[in-house]
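Asker: quick one: sequence plus predicted model below, questions after.
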Amino acid sequence: MTTPDLNLLITLDALLAEGSVARAAQRLRLSPSAMSRALARLRETTGDPLLVRAGRGLVPTPRALELREQVSQLVQHAEAVLRPAKQLDLQHLTRTFTLRTSDGFVENFGPALIARLSEQAPGVRLHFVQKLNKDSALLRGASVDLETGVVGDTTSPEVRTRALFQDRFIGVVRAGHGLSEGEITPARYASGRHILVSRRGRDSGSMDDALQSLGLERDIVTIVGGFSAALAIARASDLIATVPERHTQNLRAGLHSFQLPIPTPPITISMLWHPRMDADSAHRWLRDCVREVCAQAN
């Protein structure tokens, strides 16, 4: 049996990650023609076209999708083996980590996380960016180091995840609101005027489905893109906001919160990262810090 060219694994990893011959060539500092020849060799070796034309771009075949995670891990493990082992020196670590976080994470966990990192590694800086969708492309492309949020069906299978905590939805109104006193029944909750939080601009949510099953419907007066905005409006009006409890703890100061009269399933908040960062000691330290900060906020 002919000895396989293991260099093709690096080429395949770049092609599958970039989905483009030109970008893969740029990533590996090769000419486009050299990358095209390498793709031809990969097709011959695997017996699969791997990337096929779709319009102006290339899309992976089912075999390529099957190989992507496995190849990525093999390349990362090989790089880790060949990389000189260095002891992590937090006091002299200089690095900026980009965290894409779900709505409310920065307000509630950011201060404690920044304080912990600053104490242990004063040269580390955090760059928080808002998570507007669940697309894992930014993790795969290395422009984001770590994410927090709910793992969904659209999360790429190669992405690593670890649960941080569970959250639940609650109702929130201004102090002195009619719902701040007395028993809150489903009918009483539904009869109020509501704020809907929808990042995708939908005009209803899971709470509306739950109310509908009881023959009830709530009056949604306005739709906003985040929980912070919903709470700001609730604070200055008679509208009702329905938000996650732990994610909005600091933002709800001075407001009245109440348990929803309709059972809702808990939400598991996780951190997500690309497997290329598994062996990175600084990234592992960051993940430990995020996990500990969230655990202490229970």
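Answerer: Looks like it arrived, so ask away.
Asker: from here on, contacts and neighbour counts on C-alpha atoms
Answerer: Will do.
Asker: ok, for Val150, nearest residue in space, not its chain neighbours?
Answerer: Of all residues beyond its chain neighbours, the one nearest Val150 is Ile269 (5.1 Å), with distances taken as Cα to Cα, 6 or more residues apart in numbering.
Asker: tell me the strands beside the helix or strand containing that neighbour, with direction?
Answerer: Here Ile269 is covered by strand 267-273, with elements defined by DSSP states H and E. Using DSSP bridges, strand 267-273 pairs in its sheet with strand 146-149 (antiparallel), strand 160-167 (antiparallel).
Asker: tell me how far the closest residue to Arg276 other than its chain neighbours lies from Thr155.
Answerer: Distances taken as Cα to Cα, 6+ apart put Gln76 closest to Arg276, at 5.8 Å, once the chain neighbours are dropped. Note on Gln76: its distance to Thr155, by Cα to Cα, to the nearest Å, is 20 Å.
Asker: just to be sure, Ile184 is in a strand?
Answerer: No: secondary structure of Ile184 (DSSP: H, G, I helix; E, B strand; the rest coil): coil, not part of a strand.
Asker: that older thread, hmm, the residue nearest to Val150 is touching Thr148, no?
Answerer: Yes: using Cα atoms under 8 Å, Ile269 is in contact with Thr148, at 6.8 Å.
Asker: who's more crowded, these two?
Answerer: Thr148 (23 against 19; other Cα atoms under 10 Å).
Asker: spatially nearest residue to the more buried one (excluding sequence neighbours)?
Answerer: Closest to Thr148 by Cα to Cα, 6+ apart is Met271, at 4.3 Å.
Asker: report the separation between the one you found and Arg202.
Answerer: Look at Met271 and Arg202: by Cα to Cα, they are 26 Å apart.
Asker: quick one, which of these two is more surrounded?
Answerer: The neighbour count for Met271 versus Arg202, taken as other Cα under 10 Å, is higher for Met271 (22 against 12).
Asker: which residues touch that one?
Answerer: 146-149, 161-164 (Cα atoms under 8 Å, 6 or more residues apart in numbering).
Asker: which of those scores worst on pLDDT?
Answerer: Scanning these for pLDDT, the low point is Gly149. It has 88.
Asker: surely it meets Ile269?
Answerer: Yes: with contact defined as Cα under 8 Å, Gly149 reaches Ile269; the gap is 5.0 Å.
Asker: before we move on, back to that, which element follows the strand holding Ile269 toward the C-terminus?
Answerer: Following strand 267-273 toward the C-terminus (DSSP H and E): helix 281-296.
Asker: quick one: residues in contact with that next one.
Answerer: For helix 281-296, contacts defined as Cα under 8 Å, 6+ apart pick out 88, 109, 112-113, 116-117, 145, 164-165, 277-278.
Asker: can I get the CA coordinates of stretch 210-226 in PDB?
Answerer: Output of stretch 210-226 as PDB, limited to C-alpha atoms (Å, rounded to 0.1, in the frame of the first residue of the first chain):
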ATOM      1  CA  ALA A 210     -48.400  28.300  25.700                       C
ATOM      2  CA  LEU A 211     -51.200  30.800  26.100                       C
ATOM      3  CA  GLN A 212     -52.900  29.700  23.000                       C
ATOM      4  CA  SER A 213     -53.100  26.100  24.300                       C
ATOM      5  CA  LEU A 214     -55.200  27.600  27.200                       C
ATOM      6  CA  GLY A 215     -57.300  29.600  24.800                       C
ATOM      7  CA  LEU A 216     -55.600  32.900  25.700                       C
ATOM      8  CA  GLU A 217     -53.900  35.600  23.700                       C
ATOM      9  CA  ARG A 218     -51.700  38.400  24.900                       C
ATOM     10  CA  ASP A 219     -51.600  41.900  23.400                       C
ATOM     11  CA  ILE A 220     -48.000  42.500  22.100                       C
ATOM     12  CA  VAL A 221     -47.600  46.300  21.900                       C
ATOM     13  CA  THR A 222     -44.000  46.400  20.800                       C
ATOM     14  CA  ILE A 223     -41.100  44.100  19.600                       C
ATOM     15  CA  VAL A 224     -37.500  44.700  20.600                       C
ATOM     16  CA  GLY A 225     -34.300  42.900  19.800                       C
ATOM     17  CA  GLY A 226     -32.900  42.400  23.300                       C
END
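Asker: buried residues, it. List them.
Answerer: Residues of stretch 210-226 classed as buried: 210-211, 217-218, 220, 223-226 (neighbour count, 16 or more other Cα atoms under 10 Å).
Asker: which of those fall within strands?
Answerer: In this view, the buried residues of stretch 210-226 that belong to strands under DSSP state E are 220, 223-224.
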